[in-house]
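**Student:** I'll drop the sequence and a predicted model, then ask my questions.
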Amino acid sequence: MKEHEKLLAARYWQGEAAARRVVGFRCRRDVGHGLLRPARTGGRAVMVCDACGFVQIGVPQSIVDVWRLVRDRAGD
């Protein structure tokens, strides 16, 4: 799986979370900081807390799988 796909999947998921359709990824240091922002660091897809700089490395495979299903259905 390409890092670009992981980044797109994370953006999709966090966008759905912002719309309150799913539970998004939040800062592990302080959940009050809000949703993590998908980004690229050193060529890898990560999620970053803009409030404190916490970085979650990688995007869970389950999120990528959901994104692929939605993407593929949109093409039907």
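**Tutor:** Perfect, I can see it now. Residues are numbered from 1 along each chain as shown.

**Student:** going by C-alpha atoms from here, please, whenever you check contacts or count neighbours.
**Tutor:** Will do.

**Student:** what packs against the host helix or strand of residue 73?
**Tutor:** Using DSSP states H and E, residue 73 sits in helix 61-74. Where contact means 3 or more C-alpha pairs under 8 Å, 6 or more residues apart in numbering; DSSP states H and E, helix 61-74 is packed against helix 3-18.

**Student:** what ranges in this structure fall below the confidence cut-off?
**Tutor:** Counting by pLDDT under 70, the ranges of the chain that qualify are 1, 76.

**Student:** most centrally placed residue in it?
**Tutor:** residue 10 (2.4 Å; C-alpha atoms, centre = their mean).

**Student:** excluding chain neighbours, give the residue nearest to that residue in space.
**Tutor:** Leaving aside its chain neighbours, residue 10 sits nearest to residue 38 (5.9 Å; criterion: C-alpha to C-alpha, 6 or more residues apart in numbering).

**Student:** which other helices and strands does the helix or strand hosting the one you found contact?
**Tutor:** Here residue 38 sits within strand 37-41, counting by DSSP H and E. On a contact count with 3+ C-alpha pairs under 8 Å, 6+ apart, strand 37-41 meets helix 3-18, strand 44-48.

**Student:** between it and helix 3-18, how many degrees?
**Tutor:** Relative orientation of strand 37-41 versus helix 3-18 (axes from the mean of the first three to the mean of the last three C-alpha atoms, to 10 degrees): 160 degrees.

**Student:** tell me which residues touch the residue nearest to the centre of the chain, please.
**Tutor:** 38, 47, 59, 63-64 (C-alpha atoms under 8 Å, 6 or more residues apart in numbering).

**Student:** of all the helices and strands packed on strand 37-41, which one is nearest residue 68?
**Tutor:** Counting by C-alpha to C-alpha, residue 68 lies closest to helix 3-18 out of the helices and strands packed on strand 37-41; the figure is 7.8 Å.
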